[in-house]
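K.L.:
Sequence and predicted structure are below.
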Amino acid sequence: MGNTDKRYLLNFLLHSKNLTKTQVAKRNSLFARDFISTPDTALVEPPIRPKPVIPHVPKDTAAFLSLFNNPNGFKFLTHDFDPESNMDYAALMELVRRVFKDECKRYEIPKNLYALMETFINGGRNKDGGKKQWRDYLGNWHEDNYACEQWREWAINNPGHHLLSNEEFSKTIMLFRSSIRLVKPALVDIINRQKEKHGNLMIETNGLNKADFYTYVWALENGIQRILDDFTKYSAFPEVSISYERNFSDEYTSRIIRITQKGSFSSTIDDVIKKFKAGGGAFNEIKDVLLGYCNWSVETIWDGQAKRWNILNDSNKAEVEEINGGDVPGFTHVLTFFSK
């Protein structure tokens, strides 16, 4: 019997209203025995669709956010107008909306960064009719934005003045600025908050006061918190060190955060990777938060050999690399952000 004939038979058996109870029971028995257990299952079950692959391009994110340094980009969203410029509210909105639209076609940026920017610039409403909100670096939600009625009316009544001139608006704009830029000493503040949440860990730090770069700060802190949450499962190793360093280059500067649980090492790396690729565990949650923002590697001793597992990686590096064992004091997460 061909597939077409089988479909006709299936349709008749499934939808006929003239079958007796005995015939319905026989039909169900046949389905259980023959159709469900054979390749013809595809005729009655929808195909399994693979999860979409979300691009990981952290240098695109860095290039996009560098537009906050550019007066022809997003600079005047968070800075007052230059005295010699002819910029005003209307011109600013025309500029940033055009740049945002064009650069989102050029760069692959994380969805939550897109939502943050799009809402702060354009406002709008959700499908349920409620006002769109954006989330700041502390995880709090806000409705006020450059397109809201109150801000637009104030700009019309105060021509030539930046919204920063309004004390109330300025507080909200500065919250947004702190959400897209890790300004000194923000990384110190982040780790101090995490120390309070992870009282069973003894956290020492080095160089955190030097950290100053653009990223979605909520995602950075969320990623660090999830890493420390995972460390708390191994209470036998309470000592944790967190350090920050910069590596300069011509195009992109690397901003590296290392988080080490001293003395803690892992099991067979193949088992860890197998579990990760199955989609479960804390590491998948960390990946979802950091995707598109930074490269992420883990360094430790697996099976007696020092190795680096490159989990989020935008280069041609191997997924697993052997490294110098003398440089592995424990289980270390390496987060590499970029600045342009």
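P.N.:
Okay, I see it.
K.L.:
Okay, now the unreliable bits of the stretch 151-300 of the chain?
P.N.:
The stretch 151-300 of the chain contains no residues with pLDDT under 70.
K.L.:
for it, what spans make up the strands?
P.N.:
Here the stretch 151-300 of the chain has its strands, by DSSP state E, counting those that start in this stretch, at 181-182, 202-206, 213-214, 239-247, 253-262, 295-302.
K.L.:
the helices in the stretch 101-250 of the chain, which residues?
P.N.:
According to DSSP state H, counting those that start in this stretch, the stretch 101-250 of the chain carries its helices in the segments 111-122, 149-157, 167-180, 186-197, 217-231.
K.L.:
Okay, domains of the chain per the record?
P.N.:
The chain is divided into the following domains under automatic domain parsing: 3-43, 58-182, 188-339.
K.L.:
can I get the ones you listed in JSON lines with mean neighbour count and distance to residue 52?
P.N.:
For every residue, glycine as well, the C-beta is placed using N, CA and C. Converted to JSON lines, the domains of the chain look like this (neighbours: other Cβ atoms under 10 Å; distance: least, Cβ to Cβ, whole Å):
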{"stretch": "domain 3-43", "mean neighbour count": "11", "distance to residue 52": "22"}
{"stretch": "domain 58-182", "mean neighbour count": "16", "distance to residue 52": "12"}
{"stretch": "domain 188-339", "mean neighbour count": "16", "distance to residue 52": "12"}
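K.L.:
State whether residue 62 and residue 251 are indeed in contact, as I suppose.
P.N.:
No: using Cβ atoms under 8 Å, residue 62 is not in contact with residue 251, being 9.7 Å away.
K.L.:
Out of the strands of the stretch 151-300 of the chain, flag the one nearest residue 133.
P.N.:
Smallest distance to residue 133 across those (Cβ to Cβ): 20.2 Å, for strand 181-182.
K.L.:
what sits up against the closest one?
P.N.:
Strand 181-182 is contacted by residues 65, 68, 211-215, 217, 220 when judged by Cβ atoms under 8 Å, 6 or more residues apart in numbering.
K.L.:
at 10 Å what do you get?
P.N.:
Outside of strand 181-182, the residues within contact range by Cβ atoms under 10 Å, 6 or more residues apart in numbering are 65, 68-69, 78, 137, 189-190, 211-217, 220-221, 244, 255, 337.
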